[in-house]
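Peer 1: Return atomic coordinates for the entry below.
(one chain, ligands or ions: 2)
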Amino acid sequence: MNSDSADKADLRVLARDQRRAFVATLDPLAHRLAFKVLPSPLARRLADARTVALYMGLDDEAPAQRLAAPLIAMGKRVALPRVLDRLGSMDFLAWTPDAPLIPGPFRTSHPEPGDGPVTPDAIIAPLVGFDRALNRLGQGGGYYDRAFARFPDALRIGLAWSAQELDDVPADPWDLPLDIILTEAELIEGPDA
Ligand SMILES: Nc1nc2c(c(=O)[nH]1)N(C=O)[C@@H](CNc1ccc(C(=O)N[C@@H](CCC(=O)O)C(=O)O)cc1)CN2
Ligand SMILES: Nc1ncnc2c1ncn2[C@@H]1O[C@H](COP(=O)(O)OP(=O)(O)OP(=O)(O)O)[C@@H](O)[C@H]1O
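Peer 2: Residues are numbered from 1 along each chain as shown. Ligands and ions are numbered 1, 2, ... in the order given. Just a heads-up that it's a prediction; the model follows:
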């Protein structure tokens with residue numbers, strides 16, 4: 001346990017509450033249209049990416065799977081994470097929206113292994129909370145921290161509802177900040193954009 005892990009646990013409760021309240025009161029049409037289009041500044045940042053990892057949104061998470069269609073239309077290969085164990089390991093498998101998904105741990109689902117794991121050039125990550133400095137608060141399993149460490153050249157993109165913003169997310173030594181955060185309302189980019 002790290003010194004601020006209690007802070008992180010409290011912040012997860014807060015951010016999940018804010019997310020639940022926001023999604024519950026969101027206009028159904030606004031929900032249906034959110035995250036279906038790739039904003040052009042983000043499309044530009046993805047120009048050189050061949051493989052982009054998405055995730056299947058669970059519950060109130062921002063539905064990243066909706067970006068599969070615009071990404072494929074741009075000629076990208078889309079991938080989804082496969083949880084390999086309950087200790088924090090995952091890899092990425094290529095996927096198209098018409099391909100079946102296999103149930104995995106933690107209610108996740110992943111594609112059939114096909115030709116095996118792929119290397120993502122950009123990772124679109126789920127998050128519980130974020131701050132303006134592009135710090136990411138995840139579920140606490142360290143899955144994405146490890147994936148970011150394993151693929152250090154991959155562009156790190158967080159997807160969230162705007163209500164998941166927190167004043168300050170404490171960063172542990174292993175936490176790598178995001179490069180970009182996309183919400184239903186705005187695109188937040190780091191200093192070296
Ligand atoms: N949609 C989605 N896919 C994802 C993640 C995610 O956050 N969202 N992950 C991000 O890392 C990885 C899977 N890790 C996860 C870790 C914990 C829980 C979760 O719901 N944990 C519950 C306890 C579940 C249990 O112990 O059985 C919890 O924290 O309340 C979900 C996914 C990879 N795939
Ligand atoms: N690169 C890494 N290698 C090994 N362990 C790591 C690495 N990064 C993080 N961890 C471990 O993962 C655990 C969870 O970290 P943290 O609370 O930051 O998770 P998170 O980013 O919120 O979760 P997730 O990425 O699953 O959504 C920590 O106990 C940490 O020791």
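
Peer 1: Which positions within the longest helix along the chain qualify as buried?
Peer 2: Counting by DSSP state H, the longest helix found in the chain is helix 5-25. For helix 5-25, a neighbour-count test (16 or more other Cβ atoms under 10 Å) marks 8, 11, 12, 15, 16, 18, 19, 23 as buried. Just so you know, the C-beta spots here come from the backbone N, C-alpha and C atoms, and that holds for glycine as well.

Peer 1: Stretch 108-121 too?
Peer 2: Across stretch 108-121, burial judged by 16+ other Cβ under 10 Å covers 108, 110, 111, 118, 120, 121.

Peer 1: Check stretch 158-168 too.
Peer 2: Buried, per 16+ other Cβ under 10 Å, within stretch 158-168: 158, 159, 160, 161, 162, 163, 164, 165, 166.

Peer 1: Distance-wise, check the third one relative to residue 91.
Peer 2: To tie it back to what came earlier, the one meant is residue 160. 24 Å (Cβ to Cβ, to the nearest Å).

Peer 1: Go back to the buried residues of helix 5-25 and keep what's next to ligand 2.
Peer 2: When contact is defined as Cβ under 6 Å from any ligand atom, these meet ligand 2 at residue 8.

Peer 1: picking that back up, does the longest helix of the chain reach ligand 1?
Peer 2: No - residues of helix 5-25 contacting ligand 1 under Cβ under 6 Å from any ligand atom: none, with a closest distance of 7.8 Å.

Peer 1: Also stretch 131-148?
Peer 2: Yes - using Cβ under 6 Å from any ligand atom, stretch 131-148 comes into contact with ligand 1 via 138, 139, 141, 143, 144.

Peer 1: packing partners for the helix or strand that the last one is a member of?
Peer 2: Yep, that's residue 144 we're talking about. Assessed by DSSP states H and E, residue 144 sits inside helix 143-150. Here helix 143-150 touches strand 77-83, strand 90-94, strand 122-125, going by 3 or more Cβ pairs under 8 Å, 6 or more residues apart in numbering; DSSP states H and E.

Peer 1: by how many degrees do the second one and strand 77-83 diverge?
Peer 2: When you say that, I think you mean strand 90-94. Put simply, strand 90-94 runs at 150 degrees to strand 77-83, going by axes from the mean of the first three to the mean of the last three Cα atoms, to 10 degrees.

Peer 1: after strand 90-94, next one along is what?
Peer 2: Following strand 90-94 in sequence, per DSSP H and E, is strand 101-103.

Peer 1: The last one too?
Peer 2: Along the chain past strand 122-125, the next helix or strand (assigned with DSSP H and E) turns out to be strand 129-130.

Peer 1: Next SSE downstream of that following strand?
Peer 2: strand 136-137.

Peer 1: Strand partners (parallel or antiparallel) of that following strand?
Peer 2: strand 129-130 (antiparallel) (DSSP bridges).
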